[in-house]
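> Fold the following, please.
(4 chains)
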Protein chains: 2
Amino acid sequence: MNVEKIIKTEKQIPLASRTLIHLSLVESKINEIMTTALKPHGVSLQQFNVLRILRGQKGRPANLSTLNERMVTKMSNTTRLVDKLILKGYVDRMVCPSNRRKVEINITVQGETALTEMDFAMKEAEEKLLKNFTVEDLTTLNALLDKF
Amino acid sequence: MNVEKIIKTEKQIPLASRTLIHLSLVESKINEIMTTALKPHGVSLQQFNVLRILRGQKGRPANLSTLNERMVTKMSNTTRLVDKLILKGYVDRMVCPSNRRKVEINITVQGETALTEMDFAMKEAEEKLLKNFTVEDLTTLNALLDKF
DNA sequence: TTACAACAATTGTATATACAAATGTATGAT
DNA sequence: ATCATACATTTGTATATACAATTGTTGTAA
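Down below sits the predicted model:
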């Protein structure tokens, strides 16, 4: 990925700004490839994310604030995101009996099945994105990102 | 930045997935800090981006497709983005006389003045984001990001 | 027990983004 | 000159996201 070529500029960009632009471009690419991989499955990246969190719950229901905490990119309307997943039949939601302010959200069998198919597509996307990286590269990259 | 702490998971994430999640989290942080820095100036990050491109044109007008090419995150409605900047008085737009399909977009004096103020805020945001990085860190990070 | 603050989710509204279709203009072949 | 095509932007529509206000519920201090 050549930053200058992508944003079509000849003049050289200061190192600090270049780094931040670089990160934005990489994130755009990740996003685009993952979104494309999920498109045939009819879910957004955020929705996929929520399904994965629910699967990780292993039967224990999650409430909205739990989902919100665990999502990679926190978005300010988990209610409506869950609405969409309900429409697709991938999750269900019911009022929490012990505390009626909360809701209990579970992944359905149909949701688990769909998620398994999405896993393949996402695995491919991941490999496509990281094909140029060695394990050492990834370790170094993670260490550097920790400085943020 | 501790990935596991942020997304509140105990189990360890495979290196490849962790890297991609890490990048998303970092990008979210960059976005949030920059958006916050621009908020008092009443422009979005994308709008700021366009103003900067126009300043870089040094008087030569830009048309929409040029802007689109040079934007960091290409978005699919530059027309409306420019509309907003016109409303604020930061740019003007006129039909290109030599090719009436195109438009010529220029930054106004008012836009340049506003942009200068934004530069300070953005400089601060940049320093805040990168305070833990040495020049060598940034060089390594850029080299790794090039592998995408 | 009542009144009040804190909590959890939902709803309303504005803005942002993605994508396709439509508009108006220029170019080239016949 | 006419027609078909390509080009550049705009418009329409659906969906996504941000943020504030609202609803309903719970816990607690007086």
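
> Domain-wise, how is chain A divided?
A:1-40, A:42-122 (automatic domain parsing).

> ok, residue A:117 touching residue A:41?
Yes - taking contacts as Cβ atoms under 8 Å, residue A:117 lies within contact range of residue A:41: 6.5 Å. Any C-beta I mention is one placed from the backbone N, CA and C, and that applies to glycine too.

> Could you say which helix or strand holds residue A:74?
For residue A:74, there is no helix or strand it lies in under DSSP states H and E.

> Just give me the neighbour total for it.
Around residue A:74 there are 15 other residues, counting by other Cβ atoms under 10 Å in any protein chain shown.

> Buried residues of stretch A:141-148, list them for me.
A:141, A:142, A:144, A:145, A:147, A:148 (16 or more other Cβ atoms under 10 Å in any protein chain shown).

> how would you label the closest residue to the fifth one other than its chain neighbours: helix, strand or coil?
The spatial neighbour of residue A:147 that comes closest, neighbours along the chain excluded (Cβ to Cβ, 6 or more residues apart in numbering or on different chains), is residue B:132 at 4.2 Å. Following DSSP: H, G, I helix; E, B strand; the rest coil, the label given to residue B:132 is coil.

> Relative to DNA strand C, how far out is residue B:132?
Applying Cβ to the nearest atom of the strand, to the nearest Å, the value for residue B:132 to DNA strand C is 27 Å.

> before we move on, what about residue A:83?
In this view, residue A:83 and DNA strand C are 7 Å apart by Cβ to the nearest atom of the strand.

> what does residue A:103 give?
Applying Cβ to the nearest atom of the strand, the value for residue A:103 to DNA strand C is 4 Å.

> And residue A:41, by the same measure?
Counting by Cβ to the nearest atom of the strand - residue A:41 and DNA strand C are separated by 14 Å.

> Verify the stated contact: that residue with residue A:122.
No - in this structure residue A:41 lies outside contact range of residue A:122 using Cβ under 8 Å: 9.6 Å.

> re the thing from before, comparing residue A:117 and residue A:41, which residue is more hemmed in?
Just comparing residue A:117 and residue A:41: by other Cβ under 10 Å the higher neighbour count belongs to residue A:41, 16 against 11.

> List the contacts of the nearest residue to that one once chain neighbours are set aside.
Among residues not flanking residue A:41 along the chain, residue A:118 sits closest, at 5.1 Å (Cβ to Cβ, 6+ apart). Residue A:118 is in contact with A:38, A:41, A:43, A:48, A:51, counting by Cβ atoms under 8 Å, 6 or more residues apart in numbering or on different chains.
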